[in-house]
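Peer 1: what shape does this take:
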Amino acid sequence: MSKADQSLPATRFSFRLDFTPGGRLGPGKVQLLEAIGETGSISAAGRSMKMSYRRAWLLVDDLNRIFRAPLVEAQPGGAKGGGAHLTALGREIVANYRAIEAKALEAGAAEVAALRAAVSPTGS
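Peer 2: From the prediction side, this is the model:
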């Protein structure tokens, strides 16, 4: 990164898919899916994102209803402990979302650079 690039404001790209009727997939839900894949737990994934277990569970429930099959399968806790894992479809959804994100960034790199250069250094 050049010195000139360092003086520009930081830029983060995000997008959301709105499925009609009902349902959205965006960076927060994808991050939650990735965290579940890494931790094997809805609760731990939620904690890693500073959200309650209830909020994480509601988002997972929403995701499982949006798609043709569940993205996350959970086993209840108890003496043996519970856990959660991404299904094959869940892993596919995350991979496709990240692929779209990467392709969009690559395709729009020049435009993103132009927008970045036009932003006030103070951001206001």
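
Peer 1: residues contacting residue 55?
Peer 2: Residues in contact with residue 55 (CB atoms under 8 Å, 6 or more residues apart in numbering) are residue 46. Every residue, glycine included, has its C-beta placed from N, CA and C.

Peer 1: center of this structure - which residue?
Peer 2: Of all residues in the chain, the one closest to the mean position by CA atoms, centre = their mean is residue 30, 2.5 Å from it.

Peer 1: list the residues that contact that one.
Peer 2: Residues near residue 30 by CB under 8 Å, 6+ apart: 93-94, 97-98.

Peer 1: can you tell me the SS state at it?
Peer 2: Following DSSP: H, G, I helix; E, B strand; the rest coil, residue 30 is assigned to helix.

Peer 1: and it, what's its pLDDT?
Peer 2: For residue 30, the model assigns a pLDDT of 98.

Peer 1: now the buried members of the contacts of residue 30.
Peer 2: Applying 16 or more other CB atoms under 10 Å to the contacts of residue 30, the neighbour count classes 93-94, 97 as buried.

Peer 1: can you give me the buried ones in the strand or helix carrying residue 63?
Peer 2: Using DSSP states H and E, the element containing residue 63 is helix 53-66. Buried positions in helix 53-66, judged by neighbour count with 16+ other CB under 10 Å: 56-57, 59-60, 63-64, 66.

Peer 1: after that helix, which helix or strand is next?
Peer 2: Later in the chain than helix 53-66, the nearest helix or strand by DSSP H and E is strand 72-75.

Peer 1: contact partners of that next one?
Peer 2: Strand 72-75 is contacted by residues 33, 36, 42, 60, 63-64, 82-87, 90 when judged by CB under 8 Å, 6+ apart.

Peer 1: show me which of the residues you listed are buried.
Peer 2: Applying 16+ other CB under 10 Å to the contacts of strand 72-75, the neighbour count classes 33, 36, 42, 60, 63-64, 83-84, 86, 90 as buried.
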